[in-house]
Every structure is written in structure tokens, then in C-alpha cells.
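# Provided below are the primary sequence and the corresponding predicted coordinates.
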Amino acid sequence: MIYADNAATTRLDTDAFEAMRPFLLEEYANASQPYSFSRNVKMALRDARSTIASCIGALAEEIYFTSGGTESDNWAIKGLMRPGDMRLMITSQIEHHAVLNVCLSIERLGIPVRRLPVNQEGIVESEAFQTSISDQTKLVSVMLANNEIGTVEPISALAEIAHQHGALFHTDAVQAVGHIPVDVKALGVDLLSASGHKFNGPKGVGFLYIKKGTEIQPYANGGGQESGIRAGTENIASIVAMACALRKNCDRMITVSERLSRMEHIFIHTLNQAGIDYIRNGADNHIPGNINISIRDANGESLLHRLDLKGICISTGSACDSVNTKVSHVIQAIGIPKEYAQGTIRISFGADNIETDASEVATALIEILRK
Ligand code: PLP
């Protein structure tokens, strides 16, 4: 099998798995208890928080553990946009549904939300943002990297504009953390969401960076965990493994991303040599290993299934129901012509892929298209 869907999820790193083991079997104490059996667990929690903070240029006390990217996005937005406060929220048209659907829910409470368009590369342009923002804007949420086309957004420029208008800035960095350098200070963001399973950590664990001093409502009330604003007994084993995976991914980032760039080149070159008529989606500045293409007169859903029969896992740029294949909101937002849009697929190579995977996936795809 060739797994080329790393934007959907990644394999748990073996060292991360080993790091979780003692906290499942031996060191199972509750971190909140005062006895000495809890000491190692408390220390592991503290170390994991510091490790994660150091990977993104934050302070340890600015890292709040959550159940993943969806929860982090929900908390960032719902914790700031409260019913009764009619100030505006601005987001983009190409966010993940963990942001877009939260926006729909706050709109139902009467909170206004504006969705910024993007250019053909999927970039939120500062000029469009400048004309939409005012001093009545409370929160801006724009993703750091898009999950379909991999485009990396100009977050530091957008955050600067937001701050000039007194707005807070949240970024969904779920696709970026562990794959490209992320530094919350350089980005200038107030909140940042991340998810363990996107960078070879476990599923069901993530974190939200909340800049010190940011006033946010608790996500879950209960015990005093996570400074009393995200209560619930900590998922120690997963938190420890997430920290281990993130440290490892940050340390090998340059080597892995160089390999992934070579793989992108091999894939694209193989497709070009075969004369395939396609559009490559996204920007030059994108998540390493992300290849999103729209193939003329093809059907992404059917390509996915045919590749599956050959033991290759990829993803489409569409959501299929029993009647229609609906082109994704991202592919619509970047204006891909109809005759190409239905044939959109996403290949996302990751740290576990080897260079020959690129030519094998491309060759399999060409064979299917020729049939
Ligand atoms: N945000 C982005 C950009 C994503 O790609 C995803 C997952 O696909 C999420 C949020 C949701 O993360 P999780 O699966 O950890 O809830």
C-alpha cells in the first residue's frame, strides 16, 4: 500500500508510541492528585507543555491541551464571540469546516460574520482584508495553511492589520504545525489551533495557544485543569506522545521537506511527460508534499476508488452524496473551471513516504486516466 493522504491523518510515530506506553500501563495516576505516585505524571505534563511551547515560540502557560483541531477552533471562536456582543468576526471562504460551521452557529446567535474571498492561489489578499475590517471587528480567523490545496496564508501581514483595528487574530494551524516553521511571535497571532494526529502524534489530542492576557471564556467548566478554563482529567499518554512527535517533526523538518519537494517534482514531471491536461491548485508557498490537481474531464471520486484498487490512498477535492459530486468550497473559491473542478484530487505525501512513491502514484494515475 502507498499511503498518500497525510493531510487527512498521519501514522503515529514509533517513538511517540513508546513515549505513551508507560502512561497507559504504569504511570496511570491522575495528575491532580497530591500523592507521590502522581509526581511523574505531573512532570510529564509540565515537560510536554514546555516542549510544545518551545516548538512554536510560546510560553508554556500559553499552551492549553484539547481533544484536537476541531475543539481548538471551536474554543477560539466561541470563547471570544459571545452572544450579545454584536461586533464582527472575519474569516475566509476556504477555512476548514471546524471554523466555517462554528461561524454558522454564531451567526444563528445574531453575531455577524464576514467571509473573505481568496485569489486563484487561495491566498487571502491584504487589500481585500483592509476594506472589510473596521474598529467594530472583534476577531479575525484565517488558517495558516489550507487542508485541501496547502496554500500558506500571509498571516503576519493579516494579523498586523487586525491589530491596527483592535481585533484579535486566531489561526487554524492544524496543517502547518510540525510541517513548516511556526512561531507565534513572528506570526503575531493571539490564538493558534493545532492537532496531534496531523504531525505523527495520536488522534484525539491537540492544543490551543492562547497568548497570555487574552480574555477568553472557558471551553469546559469542571475541575481546575488547564488553568481552570478547559476542565477534565488530562489525556496524559496522548499529550506526552504529541509533544514527542512534534519535537521530532520540528527537528527533521528541513530534511523531510526537501525530500517532499523532490517528490512533488517527480510526480508533476511524470504527469507532464504523459501529457495529462490538469491544473495544479494552490500557491508556490504551500505545505511540503501537498499536490492538489484538477484533471480535465475526470471524476475525482472515481479516481480515488480506482487508485484504491491499486492500493493507493489519496483524497478528493469534493464531497460526494448519493446523487451529486459536489465540488468543494475551496475549489469553488479559487475559481477552477467546471470541466476541471470535478476531477480534483489531493495527494499528500508525508514523512513516511519514500521517493519512489511519487513516481508509482503518478504512473498508476496515468494508467487509470488512459483507460
Ligand atoms: N482544521 C484543519 C485545517 C484541518 O485540516 C482539520 C482536520 O482535517 C481540522 C481543523 C480538524 O482537526 P481534528 O481532526 O484534530 O479535529
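Received it, and whenever you're ready, just let me know what you need.

# interface residues of the protein facing the ligand?
Residues of the chain found near the ligand (C-beta under 6 Å from any ligand atom) are 68-70, 73, 96, 98, 143, 147, 172, 174-175, 195, 206. The C-beta positions use only the backbone N, C-alpha and C, and glycine is treated the same way.

# again, only this time at 5 Å
The chain comes close to the ligand at residues Gly68, Gly69, Thr70, His96, Ala98, Asn147, Asp172, Val174, Gln175, Ser195, as judged by C-beta under 5 Å from any ligand atom.

# pLDDT score assigned to Gly84?
pLDDT, Gly84: 87.

# three-state assignment of it?
coil (DSSP: H, G, I helix; E, B strand; the rest coil).

# Number of residues surrounding it?
7 (other C-beta atoms under 10 Å).

# That one and Gln175, how far apart?
Distance from Gly84 to Gln175, counting by C-beta to C-beta, to the nearest Å: 33 Å.

# do the same with Gly196
13 Å.

# just Met81 next, same as before
In terms of C-beta to C-beta, Met81 sits 23 Å off from Gln175.

# which one of those two has more residues nearby?
Per other C-beta under 10 Å, whichever of Met81 and Gln175 has more neighbours is Gln175, with 29 against 25.

# check contacts around that one.
Ala7, Met143, Leu144, Ala145, Asn146, Asn147, Gly150, Lys198, Ile287 (C-beta atoms under 8 Å, 6 or more residues apart in numbering).

# neighbour-wise, which of these leads?
Asn146 (31 neighbours).

# Surely it and His329 touch.
No - if you go by C-beta atoms under 8 Å, Asn146 and His329 don't touch, sitting 10.8 Å apart.

# what residues are shared contacts of the two?
Ile94.

# What about the residue nearest to Ser134 when sequence neighbours are not counted, how many residues nearby?
In space, Ser134 comes closest to His165 once its chain neighbours are excluded; the distance is 6.4 Å by C-beta to C-beta, 6 or more residues apart in numbering. Look at His165: counted by other C-beta under 10 Å, it has 15 neighbours.

# how far away is His165 from Ile295?
42 Å.

# what's the answer for Glu226, then?
46 Å.

# ditto for Gln130
Taken as C-beta to C-beta, the span from Gln130 to Ile295 is 36 Å.

# what about these two, which has more around it?
More crowded of Gln130 and Ile295, by other C-beta under 10 Å: Ile295, with 21 against 12.

# pLDDT wise, what is Asp352 at?
pLDDT, Asp352: 97.

# Name the nearest residue to it, sequence neighbours excluded.
Arg11 (5.7 Å).

# List the contacts of that neighbour.
Tyr3, Asn200, Asp352.

# Neighbour-wise, give me the winner out of these.
If you rank these by neighbour count (other C-beta under 10 Å), Asn200 sits at the top with 27 neighbours.

# So that one is in contact with Arg247, correct?
No - at 10.8 Å, Asn200 and Arg247 do not qualify as touching, with contact defined as C-beta under 8 Å.

# Pick the one among the contacts of Gln175 closest to Ile56.
Here the nearest of the contacts of Gln175 to Ile56, counting by C-beta to C-beta, is Leu144; it sits at 10.8 Å.

# mind showing which ranges of the chain have poor pLDDT?
Scanning the chain for pLDDT under 70 picks out the ranges 317-325.

# Can you tell me the closest non-neighbouring residue to the closest residue to the ligand within it?
Going by C-beta to the nearest ligand atom, the ligand is nearest to Gly69 of the chain, at 2.5 Å. Distances taken as C-beta to C-beta, 6+ apart place Ser195 nearest to Gly69, at 3.5 Å, with adjacent residues excluded.

# Can you report how many residues neighbour that neighbour?
29.

# For beta bridges, what are the partners of it?
On the basis of DSSP bridges, Ser195 is bridged to Gly206.

# I figured it hits Gly68, correct?
Yes - taking C-beta under 8 Å as the definition, Ser195 is a contact partner of Gly68 at 4.6 Å.

# Now for the two: what residues contact both?
In contact with both Ser195 and Gly68: Val205, Gly206, using C-beta under 8 Å, 6+ apart.

# Next one: the residue nearest the centre of the chain from Asn299, what distance?
In the chain, the centroid-proximal residue (C-alpha atoms, centre = their mean) is Val174; its distance is 2.3 Å. Going from Val174 to Asn299 by C-beta to C-beta gives 28 Å.

# same question, Gly84
Where Asn299 is concerned, Gly84 sits at a distance of 47 Å (C-beta to C-beta).
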